[in-house]
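[1] Kindly generate the corresponding structure for this input.
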Amino acid sequence: MELKKGQILYIDNDKYFVVNMIEYLERGEETWIWKEYEISKGIGNNKWLCIEETENGKFEYSIYEPCHSRVDINELEFIYNGSKYELYEKGTETVKDYFGNADVDRYESAEYFDYISEDKTTIISVEKWEDEIENSIGKYIDESRVRITDEINSTSMSYANTSASVTNSQKVDAGQKATKIFLVIMTLLIFFPMIFSLFSGIFVNKSIEKYLEKSAEYKYVTSITNNSNNKKAKVYESTLATIDATVKDIIDGVPEGIEKVASDTDSITTNNTISSNNSSTTEGGIGLQTKKEYAYVYKENEKIYVQVSSKEYMNNSGTMYHSRHYHHYYRTYTSERTNPTYTNYAYSARQRSINSRISSGGGTSSGK
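    Got it, this is the predicted structure:
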């Protein structure tokens, strides 16, 4: 079954039209292919419809919307809204194809974890992509509740037909002009939320360096060159009093960009201070990572600093270039020791930012 962009369908008595589509493939003992369609029935009312063909040739439908609860994918079961959920399916899905403004690339992969409620009616799905984790909650819906038509979004088609008619006849009377203006206004009202949603996601700042440049809380101090590949890192002085306050401020400033927060693992802890291999005494630093950057927040001579660089700043040997703390930087950047306190803080900040965009007309465009 293939739906087209703009195609109209009904779930119960609700009318939807197709906005985007993602086709997934999973290889294992058998190869599974399924499609997920983003469908809309009005301003800020989008959902994802998953269509899978069963072994007996029938189609199985489920419909999803965002779920803002945190799920620990290492757990086999958990309680959500008073109901018990158990892991019943997991694997790796790969994007085979897509259309529309879905925020994916072909051949991009994600791990997925599907949890089902005790009464087998509700599913919570977790998708772990390279740069983010997306949660959605959905329900199976009976095939009898779904009616798919051959119609394409009538408003846009009516506008196209009206325009063609005017061009062919070259006779546009007052009534036709009024109809055309009305259709233009209606088209803008329908598609403006989708356009706003797309651009609100595009222009969300996900760069630590850009945030530091624009924030009054930070002052540029110096740049450090990696002698191996000539890449540079910038160092900013923070006006905030502690490492903790600085880390949280950066997370709040780039809530949808932070992918990882790590503690300094190559240090000796003594009375809440950490001694580096270069005999300078500092508090333990915190590493932050976005899709393209590394940053390290540390204390030196009673001042708080932030070093930020592109990932290319690290050369193949793993040597970082800084006057005193290059060893700390390298270990922090590659550390697998995620800091749970700041990771939880980053997750909450991200959800607040996403919820704020959704409530103001924006939204995300990938996942179920």
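[2] Roughly how far does the residue positioned nearest the centre of the chain sit from K180?
    Here the mean C-alpha position of the chain is nearest to the C-alpha of E132 (CA atoms, centre = their mean), at a distance of 5.0 Å. To K180, E132 is 42 Å away according to CB to CB, to the nearest Å. Every C-beta, even on glycine, is put in place using the N, C-alpha and C of the backbone.
[3] so D105 touches K96, yeah?
    No. Shown here, D105 and K96 do not form a contact pair, counting by CB atoms under 8 Å, at 11.4 Å.
[4] Give me the more crowded residue out of the two.
    Neighbours per residue (other CB atoms under 10 Å) separate D105 from K96, with K96 holding more: 15 against 8.
[5] what helices or strands is whichever helix or strand that one is part of leaning on?
    Following DSSP states H and E, one finds K96 within strand 83-99. Packing partners of strand 83-99 (3 or more CB pairs under 8 Å, 6 or more residues apart in numbering; DSSP states H and E): strand 14-26, strand 77-80, strand 109-117, strand 122-128.
[6] For the ones you listed, give me a markdown table that also has distance to I39 and mean pLDDT.
    Below are the helices and strands packed on strand 83-99 laid out as a markdown table (distance: least, CB to CB, whole Å; pLDDT from 0 to 100):
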| stretch | distance to I39 | mean pLDDT |
| --- | --- | --- |
| strand 14-26 | 4 | 94 |
| strand 77-80 | 24 | 92 |
| strand 109-117 | 20 | 95 |
| strand 122-128 | 17 | 95 |
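[7] For S353, which of those is the nearest?
    strand 122-128 (18.6 Å; CB to CB).
[8] Next, the angle strand 109-117 makes with that closest one.
    If you take axes from the mean of the first three to the mean of the last three CA atoms, to 10 degrees, strand 122-128 sits at 160 degrees to strand 109-117.
[9] Quick check: neighbours of strand 122-128 in the sheet, parallel or antiparallel?
    strand 109-117 (antiparallel), strand 133-141 (antiparallel) (DSSP bridges).
[10] Tell me the buried residues in it?
    Across strand 122-128, burial judged by 16 or more other CB atoms under 10 Å covers T122, I123, I124, S125, V126, E127.
[11] Sketch out the low-pLDDT regions of the stretch 1-150 of the chain for me.
    Under the criterion pLDDT under 70, no range of the stretch 1-150 of the chain is flagged.
[12] could you redo the last one with a cut-off of 80?
    1, 28-29, 42-44, 54-55, 57 (pLDDT under 80).
[13] Tell me which residues of the strand holding K96 come out buried.
    Neighbour-count burial for strand 83-99, counted by 16+ other CB under 10 Å, picks out Y85, L87, E93, V95, Y98.
[14] One more: stretch 130-145?
    E132, I133, E134, N135, S136, I137, G138, I141.
[15] Can you add distance to S215 and give these back as TSV?
    Putting the buried residues of stretch 130-145 into TSV (distance: CB to CB, whole Å) gives the following:
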residue	distance to S215
E132	24
I133	27
E134	28
N135	30
S136	33
I137	36
G138	39
I141	47
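[16] with those in mind, which one is nearest to T338?
    Of all the buried residues of stretch 130-145, I133 has the smallest distance to T338: 13.2 Å, by CB to CB.
[17] For this protein, which segments count as helices?
    Using DSSP state H, the helices of the chain run over 154-169, 174-202, 208-214, 243-253, 326-334, 340-359.
[18] what sits against T239?
    Contacts for T239 (CB atoms under 8 Å, 6 or more residues apart in numbering) come out as A216, E217, Y218, K219.
[19] returning to that earlier point: let me have the strands paired with strand 122-128 in a markdown table, extended by distance to Q351.
    A markdown table is the format used below for those (distance: least, CB to CB, whole Å):
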| stretch | distance to Q351 |
| --- | --- |
| strand 109-117 | 18 |
| strand 133-141 | 10 |
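[20] related to what we said a few turns ago, worst average pLDDT in the helices of the chain?
    Looking over these, mean pLDDT reaches its minimum on helix 154-169, with a mean of 39.
[21] quick one: Y61 and L49 touch, right?
    Yes. Using CB under 8 Å as the test, Y61 is close enough to L49 to be in contact (6.6 Å).
[22] hey, what's E293 bridged with?
    Beta-bridge partners of E293, as defined by DSSP bridges: S310.
[23] Once you drop chain neighbours, what's closest to G257?
    K206 (3.2 Å; CB to CB, 6 or more residues apart in numbering).
[24] and the one you found, how many neighbours does it have?
    Using other CB under 10 Å, K206 has 17 other residues around it.
[25] and what of Q7?
    By other CB under 10 Å, 18 other residues sit near Q7.
[26] List the residues that contact it.
    Going by CB under 8 Å, 6+ apart, the list of residues near Q7 reads F17, V18, I148, T149, D150, E151, I152, N153.
[27] Could you rerun that using 6 Å?
    Contacts for Q7 were tallied using CB atoms under 6 Å, 6 or more residues apart in numbering; they are V18, I152.
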